[in-house]
Structure formats: structure tokens, C-alpha cells
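Visitor: quick one: sequence plus predicted model below, questions after.
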Amino acid sequence: MGWLEEAVNSCAWWPGDILGVSEHVPDEFLSPALDWLATHGLRDAVVDDEVRLLACEGATFHHDAEDYPDRVFCVLWLEETDCWDLVFPYSGVRIELKPGVIVLFDAANPHGVVARGENEFDGENMGDNGVQTFTSINLQCAPAALQLLGCRPSEPGSLPEARHVRLCQTSGAILSTLA
């Protein structure tokens, strides 16, 4: 996996950033997520063309509503060099990240990757082992995907429309609602 290390080290980036490593995802990194989607009837019907291998050293709190409106992400965590959690502050959900964990979530749901047990992102405290990789698959917000997430297309959320919300990158708190 020297190509992966080379891709990660080929540009300047910081803890909290999410780095696009490759748009070609090796089958060994993709098959488990596609197989999982297939068990829920989602593999062929709703997968977008965008499938990427990504890397991060934690992730500041953010939402992806502007770049990926009406999309659901399927993320397969590939490694564990540090103990991190994926946190959704407005849903009250915390997921321990370790190899093989698959998470399906609305791209507009605010989220961040923090040190295990913490509630805020601290770039200085993300660990000594550095970067971890994951596969991300974009899915259309088809009825089957929404049903699996337990929501309906017309169901109003508890937050203002996500693409109009600016979040604190450290805590995930709403800083302002844009017009």
C-alpha cells in the first residue's frame, strides 16, 4: 500500500481535513460496503458514480449539504491507528470507528471525528499515529435508503435546512443560520 502512503504525503493538509486519496477504490476496500448495501437492497438502485477513498486525521464538525444535497453517505472504515469516534451532535449518536465499521448517514447531518470519548474536535489531540483511511460511497436519497435511515422525504428536521447552517468546527454548535 505504498501508493496510499504516497498519496497522503504528497500534499499539505492538517488534522481535521478530509483528503481525497483516490477516485479508484481497490476492490478489497469497496466490496465489503457494496455487499452490505446489497443485503439492504441498495447496491444497484441508488449508488452514485462517486466512490472515493478518503483519509483523515480526525474531522472537524461539518455537514456536506452544500456539496452533496439530497445524498446519503455509506462509509466503510478501513483502519484503526488511533481510537476515534464518529459523532453526530444533533442526533445524539456516537460510533466507535474501527476496521470494518460501516455507517450510513444523511450527508446534511452535522458530524465530526473526534478522539474516543470526547465531544469536541481537538486537532492537537488526535493521536500520534496519524492518518486513517475510509471508503465513501454516495447514494441517492431514494425511498429504500431513507427507509433504512428511518426517515421520510417530507419529514422536517430538527435543524434549519442544513445548507443554510454554519457550524462551529470544534463543537458542532450552530453559529449562524444564513439567509
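Guide: Here it is on my side, so go on.

Visitor: near residue 114, how many other residues are there?
Guide: Using other C-beta atoms under 10 Å, residue 114 has 26 other residues around it. C-beta here means a position set from N, CA and C on the backbone, and glycine is covered the same way.

Visitor: scan the protein for its longest helix.
Guide: Taking DSSP state H as the assignment, the helix of the chain that covers the most residues is helix 27-39.

Visitor: in that helix, what counts as buried?
Guide: With burial defined by 16 or more other C-beta atoms under 10 Å, the residues of helix 27-39 counted as buried are 29, 30, 32, 33, 34, 36, 37.

Visitor: could you do stretch 72-83 as well?
Guide: Residues 72, 73, 74, 75, 76, 77, 78, 79, 82 are the ones in stretch 72-83 that count as buried (16+ other C-beta under 10 Å).

Visitor: wait, what's in contact with residue 17?
Guide: Residues near residue 17 by C-beta atoms under 8 Å, 6 or more residues apart in numbering: 56, 57, 59, 60.

Visitor: mind listing the strands for the protein?
Guide: 18-22, 47-56, 59-62, 71-77, 84-88, 93-97, 102-106, 111-115, 132-140, 165-167, 174-177 (DSSP state E).

Visitor: please identify the most buried of the ones you listed.
Guide: Mean neighbours per residue, mean count of other C-beta atoms under 10 Å, is largest over these for strand 111-115, with a mean of 24.

Visitor: that strand to strand 47-56, inter-axis angle?
Guide: With axes from the mean of the first three to the mean of the last three C-alpha atoms, to 10 degrees applied, the angle from strand 111-115 to strand 47-56 works out at 30 degrees.

Visitor: mind giving me the packing neighbours of strand 111-115?
Guide: Contacts defined by 3 or more C-beta pairs under 8 Å, 6 or more residues apart in numbering; DSSP states H and E place strand 111-115 against strand 59-62, strand 84-88.

Visitor: return the helix or strand in this structure with minimum mean pLDDT.
Guide: Least confident helix or strand of the chain, by mean pLDDT, DSSP states H and E, is helix 43-46 with a mean of 62.

Visitor: not counting sequence-adjacent ones, nearest residue to residue 7?
Guide: residue 21 (4.7 Å; C-beta to C-beta, 6 or more residues apart in numbering).

Visitor: from residue 166, how far off is that neighbour?
Guide: Noted for residue 21: a distance of 27 Å to residue 166, by C-beta to C-beta, to the nearest Å.
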